[in-house]
Structure formats: C-alpha cells, structure tokens
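# dropping the sequence and predicted coords here.
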Amino acid sequence: MTKEARRGWHHLPLALFGLTLVIIAVGGTIRIYDAGESCPEWPTCFGSWSFDVSEDEQRSWYAANPDDVDSRGAGHTYTSFQIFTEWFHRILAGTILGPLVLLQWYIVFRRRDSTDYTEQTGGRGLSPTAVRLAMLSAILVAIQGALGALTVWLDNEHWSVVLHLAMALAFAAVLLRLWLVWMRDIGCGPIRFDIAAEATPAGQRLAKRRLFEAAISTISVMLLGAFVSTTPGANLGCGVAAGHANWPMCNGRMVEMVTDFAAQSQMIHRFLVVAVLVHLTVLNYQLPKWLAAEGVSEEGARSAKRMVGFGSLIFLTNVFIGMSYIISWSAEEGFPEWLSVVHLMLGSLTFLTFMFGAFLAADHREQKPEIDAEE
C-alpha cells in the first residue's frame with residue numbers, strides 16, 4: 001500500500017456519496033410529511049435560522065410577506081417537526097455536504113500530477129481526470145443548491161422537484177466515478193469486473209454502453225415516478241380503491257388511452273416500467289452472447305451478467321414496492337407514504353448500480369504505471 005493510500009483521502013468521495021443518499025432520503029421524507037413548503041423562503045425559515053417557529057409566528061410572517069403565502073393559503077401552518085425535516089435537509093446539503101465537496105476539490109487539486117507533489121511522494125499525483133471530476137462535483141453541488149432554492153421559490157413545482165432529483169443522482173454518479181479514478185491513480189486498484197482483465201476494446205465498449213443504457217432507462221422510470229408523486233392528483237390517476245382494483249387495472253381497464261400527460265402520468269409510468277422490464281430481461285439473456293462475440297472471456301461475460309442481474313433484481317423489487325404502494329391505499333389513511341421513500345431509494349440505487357457497472361467496465365483502460373509501494 002502506498003503512503004497516499006494509507007492516508008485514506010481516496011475514500012472521501014465514497015463518504016460523500018453515502019451522505020448524498022441520506023440527503024435524497026430526507027428529501028423523500030419531506031414529501032411524506034407534506035413539508036415541501038414548510039420553509040417558504042431560502043435560506044431561512046419564516047425569517048428564522050431555527051426550525052422552532054410557532055403557528056402565530058408563521059401567520060405573522062405570511063402577513064408581512066403576502067407574495068410568499070403557502071399554496072394552501074395563509075391559514076395553513078406547519079408543525080415544528082415538519083419544518084425540522086426541511087431545515088435538516090438544508091443543514092445536511094448546505095452546511096455539511098457543500099463545504100466537504102469544496103474540501104475534496106482542494107485535496108484533489110493539491111495532489112494533482114505536478115512536479116512538487118510527485119517529488120514528495122516518489123510516485124505520481126492524481127490524474128487530470130480526477131481533477132476534472134472533483135471540479136465537476138463542486139459545480140454540481142452549487143447548481144444543486146440553486147435548484148433547491150428555485151424549488152422553494154416555485155412552491156415545489158413538479159418539474160423543479162424532478163430536476164432537483166435528477167441533479168442529485170448525477171452528482172452521486174460523479175462521486176462514484178471520482179472514487180474509482182482516485183483509487184486507480186494512487187495504485188489501490190479499483191474494484192472491477194473480471195471482464196476488465198481480458199476484455200478486448202470492443203468488448204469493453206459494449207459492456208460500458210449496455211450498462212449505461214440500462215442506467216438511462218431506469219432513471220427515466222424513476223424521474224417519471226417523481227413527476228407522478230409531485231403532480232396534484234396524479235397518484236389518483238388510475239382511481240383509488242382498497243385491494244387490487246386500481247392495480248394492475250387503471251380505472252377498470254388494463255390499458256387506458258393517454259390524453260392528458262400530467263393527469264395520466266401514472267399510466268405512462270406503468271407503460272415505461274413494462275418497457276424497461278423487457279429491456280432488462282433481454283439484456284440479462286443476451287449480454288453474455290454479445291460479449292462472447294466480441295472476444296470477451298466466459299468468466300468476464302458472467303461477471304458482466306452478474307452486475308446486470310444485480311441491478312435488474314433491485315429494479316424488479318422496486319416494481320413490487322410500487323405495486324404495494326398502490327394496492328395498500330385505504331380510505332382511512334390514504335397511501336402508506338413510507339413505501340414511497342423506499343420506492344425512491346431503490347430507484348436511486350438501481351440507476352447508480354448500472355452507472356457504477358459502466359464505470360467499472362471502462363476504468364481499467366486508463367490504468368497508470370505501477371507506483372512503488374512501501375511494505
């Protein structure tokens with residue numbers, strides 16, 4: 001292990017990736033508790049930096065700021081817990097994640113492949129790819145903060161929420177890529193497919209492309225699901241009834257013609273889920289054959305299939321979670337919203353699993369010369 005590896009800084013992107021997933025989960029929790037407008041301004045909440053704002057203080061703030069009245073009227077107030085969920089989300093994202101991402105960029109920049117640094121280590125510094133990824137992560141976290149503010153100012157318009165989520169997932173993917181590149185640069189050697197050892201360039205490109213296509217298809221389903229959950233009335237687009245009456249049926253029919261995208265987005269979401277299931281099924285059966293035709297070893301093809309199979313399993317599990325959410329509706333309690341957070345997180349993990357696979361399939365082509373390691 002090299003000196004640089006023992007310092008452990010190369011695991012910082014992975015730690016930030018974990019924190020990003022927590023922030024996404026907290027964002028989903030905000031929606032569960034209907035707290036998306038519990039801080040009607042940004043960066044403060046009702047003119048305060050605290051989450052403990054009484055109902056009287058909220059009404060007074062609305063009276064002084066009529067342009068920022070809640071979408072349900074100035075009489076609508078929030079509990080301290082609801083405000084806390086939004087406040088905590090901002091603390092995690094703005095006070096902890098943001099500064100750590102800047103620290104990460106500084107560390108990577110200081111360790112770049114420069115004469116001073118390589119003389120200190122007796123090896124090589126971090127590659128330009130690592131520096132670019134660290135810079136990109138800093139840019140993305142700044143954009144994400146701006147999108148969070150925009151979402152608040154627009155009172156959680158569905159398109160702004162979807163864009164906010166998409167940017168969070170793009171940011172998480174960049175962190176995964178940076179983690180792999182950083183490990184490669186300091187000689188740790190990334191976790192990787194067995195395909196990496198013997199893959200032909202054509203086989204490597206094919207594996208990377210197919211996994212990336214799977215990632216794009218699954219994130220499309222996820223973002224459309226986010227649109228459904230944040231569009232008023234869309235969750236009820238196929239009707240509500242106890243049991244299986246509203247799934248797989250939609251208003252009493254297996255297939256309903258779509259005439260209104262927003263109102264019937266749940267039906268479109270179901271169409272897309274079926275299309276992606278077909279795509280992943282074909283990929284699971286055909287990818288080993290496609291890779292073998294490109295000269296990839298049998299073991300390498302099996303390794304690629306295992307990654308595709310793992311992502312597909314998460315996706316299929318999430319399909320059943322979505323089904324359970326719909327059929328668990330009750331007249332007394334409505335939808336079991338905790339399931340929607342599970343649905344959100346499994347959707348995120350599906351996309352990130354396929355993206356991680358695509359990164360792994362490509363990463364070995366950029367191996368740097370071996371660095372002398374100390375015992």
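Cool, the structure landed.
# run through the stretch 251-375 of the chain and note the low-pLDDT ranges.
252, 331, 363-375 (pLDDT under 70).
# list the helices and strands the helix or strand where Ala214 lies packs on?
Ala214 is part of helix 201-230, with elements assigned from DSSP states H and E. When contacts are defined as 3 or more CB pairs under 8 Å, 6 or more residues apart in numbering; DSSP states H and E, helix 201-230 sits against helix 158-185, helix 195-198, helix 265-293, helix 298-327, helix 337-363. All C-beta atoms are positioned from the backbone trio N, CA, C, and that covers glycine.
# how about a cut-off of 10 Å?
helix 12-32, helix 158-185, helix 195-198, helix 265-293, helix 298-327, helix 337-363 (3 or more CB pairs under 10 Å, 6 or more residues apart in numbering; DSSP states H and E).
# reformat those helices as a markdown table; add distance to Trp105.
Listed next are the helices and strands packed on helix 201-230 as a markdown table, based on distance: least, CB to CB, whole Å:
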| stretch | distance to Trp105 |
| --- | --- |
| helix 12-32 | 10 |
| helix 158-185 | 10 |
| helix 195-198 | 28 |
| helix 265-293 | 35 |
| helix 298-327 | 30 |
| helix 337-363 | 20 |
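# which one, of those, ends up nearest to Leu100?
helix 12-32 (5.9 Å; CB to CB).
# buried set for the closest one?
12-14, 16-17, 19-21, 23-32 (16 or more other CB atoms under 10 Å).
# tell me what angle it forms with helix 158-185.
160 degrees (axes from the mean of the first three to the mean of the last three CA atoms, to 10 degrees).
# how about residues contacting the helix or strand following helix 12-32?
Sequence order places helix 55-64 as the next helix or strand after helix 12-32, per DSSP H and E. The contact list for helix 55-64, computed with CB atoms under 10 Å, 6 or more residues apart in numbering, reads 38, 40-41, 45-48, 53-54, 68-70, 73-80, 83.
# out of these, which end up buried?
Applying 16+ other CB under 10 Å to the contacts of helix 55-64 flags Ser38, Pro40, Cys45, Phe46, Val53, Asp68, Val69, Asp70, Thr77, Tyr78, Ile83 as buried.
# mean confidence score for stretch 173-184?
Averaging pLDDT along stretch 173-184 gives 92.
# off-centre distance for that stretch?
16 Å (CA atoms, centre = their mean, to the nearest Å).
# likewise for stretch 249-264?
28 Å.
# return the set of buried residues in it.
Cys250, Glu256, Gln264.
# excluding its backbone neighbours, what's nearest the second one?
Spatial nearest neighbour of Glu256, chain neighbours left out: Cys250 (4.6 Å); criterion: CB to CB, 6 or more residues apart in numbering.
# tell me what that neighbour is bridged to.
Under DSSP bridges, the beta-bridge partners of Cys250 are Arg253.
# distance of it relative to Leu236?
Distance, Cys250 to Leu236, using CB to CB, to the nearest Å: 11 Å.
# repeat that for Ile24.
With CB to CB as the criterion, Ile24 and Leu236 are 25 Å apart.
# over to Leu147?
Taken as CB to CB, the span from Leu147 to Leu236 is 27 Å.
# in TSV: the buried residues of stretch 249-264, plus distance to Gly300.
As requested, those are exported to TSV (distance: CB to CB, whole Å):
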residue	distance to Gly300
Cys250	43
Glu256	44
Gln264	44
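# ok, so of these, who is nearest Leu339?
Closest to Leu339, out of all of these and judged by CB to CB, is Cys250, at 19.2 Å.
# wait, the closest one touches Met267, no?
Yes: with contact defined as CB atoms under 10 Å, Cys250 counts as touching Met267 (5.4 Å).
# residues near Val296, how many?
27 (other CB atoms under 10 Å).
# oh, that last question was meant for Leu224, not what I typed.
19.
# and it, what's its pLDDT?
91.
# next, the contact list for it, please.
Val162, Ser265, Gln266, Ile268, His269, Arg270, Phe271, Leu272, Val273.
# and the residues you listed as a markdown table, adding distance to Gly225 and neighbour count?
Putting the contacts of Leu224 into a markdown table (distance: CB to CB, whole Å; neighbours: other CB atoms under 10 Å) gives the following:
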| residue | distance to Gly225 | neighbour count |
| --- | --- | --- |
| Val162 | 9 | 21 |
| Ser265 | 9 | 22 |
| Gln266 | 9 | 25 |
| Ile268 | 10 | 17 |
| His269 | 6 | 23 |
| Arg270 | 10 | 24 |
| Phe271 | 12 | 12 |
| Leu272 | 9 | 17 |
| Val273 | 9 | 19 |
